[in-house]
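Undergrad: would you be able to build a 3D model of this:
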Amino acid sequence: MLQIGSVVDGKYKILNKIGQGGMSIVYLAMNERANKQWAIKEVRKDGVQNFEVVKQGLIVETDLLKKLNHSNLPSIIDVIDGDGTFLIVMDYIEGRTLSSILKEYGAQAQEDVIEWAKQLCDVLGYLHSRKPPIIYRDMKPSNVMLKPDGKVMLIDFGTAREFKESSVADTTCLGTQGYAAPEQYGGHGQTDARTDIYCLGATLYHLLTGHNPSEPPYEMYPIRTWNPALSSGLEEIVLKCTQKNPEDRYQSCAELMYALEHYNELDIEFRKKQNKKWISFLVTASLTLVTGMGAVGFKTAENKVTASTYESYMREAEALETTDAQQCMEYYENAIRLNPSKGDAYEKLLDYFLWKHNDSSDFSQGQAAACEFTEDEEQEIRKMLGITGDTNRSNEEYLENDTKAYNKFAFELGKAYYYSYNGVGNKAASKKWLGIAAEAEPTDELNAKNIERAKNLYKIASYYDSLGVRNQAGDSMVSYSDYWLDLTRMVEEETGDSDNILNTLQLYKEMTSQIFSNANNFKEAGITKEQMLTQLENIEKWIDDLHINKGDANASFEEELKKAIIKNMELAKDNVKAAFNMGNIGLSEEGGASDGADTAANTTVS
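TA: Numbering: from 1, shown residues only. As a prediction, this is how the structure comes out:
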């Protein structure tokens, strides 16, 4: 250990000890001849195991630093290799490590962190631009010094290395757990510039949240989990930096620097403002183009701008489907407003409502709540179809111009009303849209099979206005025998169609529900007990043989439909038996014997 007041190498007077690490002590020293302060790092042989290995690492560190010249890096002035000790003389950096600041004050101000990040990004970019590139590999708060003037300095190059393209798996365990990238451990890959980007992202996470990634829970959550006031754009940057796969991170410090300099443009709030500006831009651009290019040139340019913006809205919406419901809907709706004659935005919005908007529904009670079309969602669809522009034409009228897209959307919306709408009058609401699809000509968008489905569903939906309604004479207003024939015809046409299991399951759920609800009405119309039970048995056999691929996107919903159908079948069988045994009960009261008839189940079918 160096003595306070002693002079090293005849010129460096030791003033005091300013730091101590696991294997070294750092002193403040003065070169009295030059009247300049320096830092001296001392590593003693008797204080370190494998001293020669450590010494070689220090030689590598000093050799690297000697080649470098950057304002955020300390300079190496001298190396003194003595008996039992190894001394490195370098710039004295006045300030504190970011780790000590975190320990005392916790999470740091967002704007400060961004400024530090830019400086660190700049110095890492400088290292990566060397020939060969230098990979730092140990970015963490304790290796960054903050000077009083706000400048940060990168210290401790003990794990840095020059990049060699021939090294496939260059690292066994270098870096600091929590901050180190996955490829830094166990020879899982070669470290490169993207390794430093991961480490910087982990460091930013610690600085912004105050949560150390090397401590429990040992995971990095989106930064706004800890502080919702933080920038959503900055959250995206940190998430991208810390992706496990290097290919998914920023690929260079230049790319990361650009993101840091424009982080507010990634904010959700900023994007909302930009969406509004796009509309104004299109109007302004249109006027400018008319003046400068004439009508033909204007139309071409306007179409290009509109198409580009439309696709941008669609991409943004799809990216937010699982994270931000409100913003996702706004992007789809902006796309519709921008080009109401294109069908894909309407379809995507409807698909989002059916499958993703409600994907947090609880299936634990056996309720197939996914693929639900809520009243609020239905109102949103109707609103988008009815919005009018300067021409006083509704969006639906614009969409009708593209017959193929309109017919396809009509089929999907009709099915959504028929099977999934949870408001009043679902079947009646489905008729308009199923009727449009039923009259369509087959296309790639809407094939003949789906047109036939639309016809069948339309026919069944038409019965619902009169089901259960009787005239003054007490007669049913609907022919239940015709209703039965149409139901069974539709089931027979769908049975065996392995191309669309979901359609078949939805239809079987409908069939079992109708037999449960209308067993008595079917009986009065002349449908026999055997006919009804045969239908249920055929469905039961199909269900028993059904294999649902767990990897399918709709697998969970299909499993819940299957459970609902099984439940419906048992209830329907009970009601069929009860309907046909009621007559026997009446005879037994007149003197015949009761055969122990089943009682109609007093429950609501799924």
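
Undergrad: alpha carbons only for contacts and neighbour counts from here, please
TA: OK.

Undergrad: so where's the stretch 201-350 of the chain uncertain?
TA: 268-308 (pLDDT under 70).

Undergrad: can you do 50?
TA: 289-290, 293-302, 304-305 (pLDDT under 50).

Undergrad: for the helix or strand harbouring residue 347, name the packing helices and strands.
TA: Assigned by DSSP states H and E, residue 347 belongs to helix 344-355. The helices and strands touching helix 344-355, judged by 3 or more C-alpha pairs under 8 Å, 6 or more residues apart in numbering; DSSP states H and E, are helix 325-338, helix 375-386, helix 403-415.

Undergrad: C-alpha coordinates for stretch 200-219, CSV please?
TA: This file holds the C-alpha atoms of stretch 200-219, laid out as CSV (Å, rounded to 0.1, in the frame of the first residue of the first chain):
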residue,chain,number,x,y,z
LEU,A,200,-26.0,0.8,-22.0
GLY,A,201,-29.7,0.0,-22.1
ALA,A,202,-29.5,-1.9,-18.8
THR,A,203,-27.6,1.1,-17.3
LEU,A,204,-30.3,3.5,-18.5
TYR,A,205,-32.9,1.2,-17.0
HIS,A,206,-31.2,1.5,-13.6
LEU,A,207,-30.7,5.2,-13.8
LEU,A,208,-34.3,5.9,-14.9
THR,A,209,-36.1,3.5,-12.5
GLY,A,210,-33.8,3.2,-9.5
HIS,A,211,-34.1,-0.6,-9.8
ASN,A,212,-30.9,-2.5,-10.1
PRO,A,213,-31.2,-5.2,-12.8
SER,A,214,-28.6,-7.3,-10.9
GLU,A,215,-30.9,-7.5,-7.9
PRO,A,216,-34.3,-9.2,-7.4
PRO,A,217,-36.5,-9.5,-9.4
TYR,A,218,-33.6,-9.8,-11.9
GLU,A,219,-35.8,-8.6,-14.7
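
Undergrad: list the buried residues for it?
TA: 200-214 (16 or more other C-alpha atoms under 10 Å).

Undergrad: inside strands: which ones of the residues you listed?
TA: Here DSSP state E is the test, and the buried residues of stretch 200-219 give no hits in strands at all.

Undergrad: just the residues you listed now: which is nearest residue 132?
TA: Nearest to residue 132, judged by C-alpha to C-alpha, of those is residue 200 at 20.9 Å.

Undergrad: from residue 99, how far out is the spatially closest residue to the closest one that is not a sequence neighbour?
TA: Once flanking residues are discounted, residue 200 sits nearest to residue 139: 5.9 Å by C-alpha to C-alpha, 6 or more residues apart in numbering. Separation of residue 139 from residue 99 (C-alpha to C-alpha, to the nearest Å) stands at 12 Å.

Undergrad: looking at the two, which is more packed in?
TA: residue 139 (28 against 20; other C-alpha atoms under 10 Å).

Undergrad: how close does the more buried one sit to residue 349?
TA: Residue 139 is 43 Å from residue 349, by C-alpha to C-alpha.

Undergrad: ok, now residue 258?
TA: For residue 258, the distance to residue 349 - C-alpha to C-alpha - is 33 Å.

Undergrad: and the two? Which one has more around it.
TA: Legend: neighbour count by other C-alpha under 10 Å for residue 258 and residue 349, higher for residue 349 (26 against 11).

Undergrad: the more buried one and residue 401, how far apart?
TA: 20 Å.

Undergrad: reformat the helices and strands packed on helix 344-355 as TSV; add mean neighbour count and distance to residue 40.
TA: Converted to TSV, those look like this (neighbours: other C-alpha atoms under 10 Å; distance: least, C-alpha to C-alpha, whole Å):
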stretch	mean neighbour count	distance to residue 40
helix 325-338	21	55
helix 375-386	15	69
helix 403-415	23	74
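
Undergrad: how about those, which one is nearest residue 9?
TA: Using C-alpha to C-alpha, the helices and strands packed on helix 344-355 put helix 325-338 closest to residue 9, at 66.6 Å.
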